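S.K.: sequence and predicted model, in that order:
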Amino acid sequence: PKAAPAAKAAEGKALYQQAQFDIVLKDRLAQGQQDTPELRAAIREELNTRELLAREARKKGLDKNAELKTQMDLASQTVLVRAFVADWIKNNPVPDADLRKEYDAIRTQIGDREYKVAHILVDNEADAKDVITQLQKGAKFADLAKERSKDPGSKDRGGDLDWNAPANFVKPFSDAMVKAEKGKFTPQPVQTQFGWHVILVEDVRDAKVPSFDEVKPQLAQRLQAQMLDKYFRDL
């Protein structure tokens with residue numbers, strides 16, 4: 001009469017161990033590992049070792065320790081939260097219309113032009129005007145930048161800031177940049193919170209904006225995070 005319950009318990013334990021194995025295997029494959037006999041053997045050995053160590057921990061009564069019980073509760077809660085968030089994301093996809101709207105807003109912000117610019121940053125208007133005077137007399141922009149610019153990120157490159165959309169700069173800088181003629185420097189100093197600039201527009205080209213399909217995954221991830229944040233705050 002005792003054989004049947006024992007057999008049933010053994011069967012239940014075997015099913016539980018197989019479920020553990022399946023979960024760990026799925027996780028390892030999701031991490032990019034290959035499903036090989038060696039991987040399966042390593043997982044089984046790992047699970048056996050964990051079971052033995054957990055058994056020894058229970059023998060010592062560690063599962064009754066209040067702090068450890070709290071840690072185990074937190075670990076269990078983490079699994080539940082992760083599962084809930086994944087389920088919520090699956091059932092609350094970002095509408096395509098919202099993705100399109102975000103994409104169009106970014107395109108508008110970037111604009112349709114990119115500018116290859118260099119600049120010389122100085123502390124005051126008088127110094128900026130002196131730089132402009134030197135340039136008008138034939139001084140080379142790159143040489144003056146190396147000699148007088150206060151911008152450590154660009155001075156050693158002759159003031160070069162490479163290709164940028166206007167949105168990448170503070171407004172006074174970008175406003176002056178888009179008004180300047182190609183191949184010429186700004187005839188008046190430009191003031192920003194960083195100091196006074198003399199800006200050289202070396203070249204202009206059409207902006208290389210990625211297509212909607214190229215950036216759709218990143219947009220979806222960003223908007224999904226915003227939706228989740230709102231949901232958390234509502235909770």
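M.R.: Thanks, I have the structure now. Numbers count the residues shown, from 1 in each chain.

S.K.: list the buried ones in the helix or strand harbouring residue 147?
M.R.: Per DSSP states H and E: residue 147 is located in helix 141-148. Residues 141, 142, 144, 145, 146, 148 are the ones in helix 141-148 that count as buried (16 or more other C-beta atoms under 10 Å). In this view, the C-beta of every residue, glycine as well, is placed from N, C-alpha and C.

S.K.: same question for stretch 222-230.
M.R.: By 16+ other C-beta under 10 Å, the buried positions in stretch 222-230 come out as 223, 227.

S.K.: what does it rub up against?
M.R.: The list of residues contacting stretch 222-230 from outside it, by C-beta atoms under 8 Å, 6 or more residues apart in numbering, reads 85, 88, 89, 92, 94, 98, 99, 102.

S.K.: are any of these buried, and which?
M.R.: Neighbour counting with 16+ other C-beta under 10 Å marks 89, 94, 99, 102 as buried within these.

S.K.: after the host helix or strand of the first one comes which helix or strand?
M.R.: Read it as residue 89. Using DSSP H and E, residue 89 sits in helix 66-91. Remark: after helix 66-91, the chain's next helix or strand is helix 96-110, criterion DSSP H and E.

S.K.: pull the residues that contact that following helix.
M.R.: For helix 96-110, the external contacting residues (C-beta under 8 Å, 6+ apart) are 165, 167, 207, 209, 212, 215, 216, 219, 220, 222, 223.

S.K.: show me which of those is closest to residue 40.
M.R.: residue 220 (34.6 Å; C-beta to C-beta).

S.K.: with adjacent residues omitted, what lies nearest to that closest one?
M.R.: Residue nearest to residue 220 in three dimensions, not counting chain neighbours: residue 94, with 5.1 Å by C-beta to C-beta, 6 or more residues apart in numbering.

S.K.: which SS class is residue 138?
M.R.: Here residue 138 is recorded as coil under DSSP: H, G, I helix; E, B strand; the rest coil.

S.K.: need the phi and psi values for it.
M.R.: Backbone torsions for residue 138, taken as degrees, to the nearest 10, come to phi 110, psi 0.

S.K.: the nearest residue to residue 62 once chain neighbours are set aside: neighbour count?
M.R.: Counting by C-beta to C-beta, 6+ apart, residue 68 is the residue found nearest to residue 62 once chain neighbours are left out, at 5.8 Å. For residue 68, the count of nearby residues is 12 (other C-beta atoms under 10 Å).

S.K.: can you check the one 3 residues further on too?
M.R.: Counted by other C-beta under 10 Å, the residues lying close to residue 71 total 11.

S.K.: now the one 3 residues further on
M.R.: Counted by other C-beta under 10 Å, the residues lying close to residue 74 total 9.

S.K.: could I get the buried ones among the contacts of stretch 222-230 in TSV, plus columns for distance to residue 127?
M.R.: Converted to TSV, those look like this (distance: C-beta to C-beta, whole Å):
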residue	distance to residue 127
89	54
94	50
99	47
102	42
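
S.K.: for the helix or strand harbouring residue 120, packing partners?
M.R.: In the assignment (DSSP H and E), residue 120 maps to strand 113-122. Based on contacts counted as 3 or more C-beta pairs under 8 Å, 6 or more residues apart in numbering; DSSP states H and E, the elements that strand 113-122 packs against are helix 125-136, helix 141-148, strand 160-164, helix 171-179, strand 195-206.

S.K.: any idea which of the ones you listed gets closest to residue 23?
M.R.: Closest among those, using C-beta to C-beta: strand 160-164, at 47.8 Å.

S.K.: quick one: mean pLDDT for the closest one?
M.R.: Per-residue pLDDT over strand 160-164 has a mean of 95.
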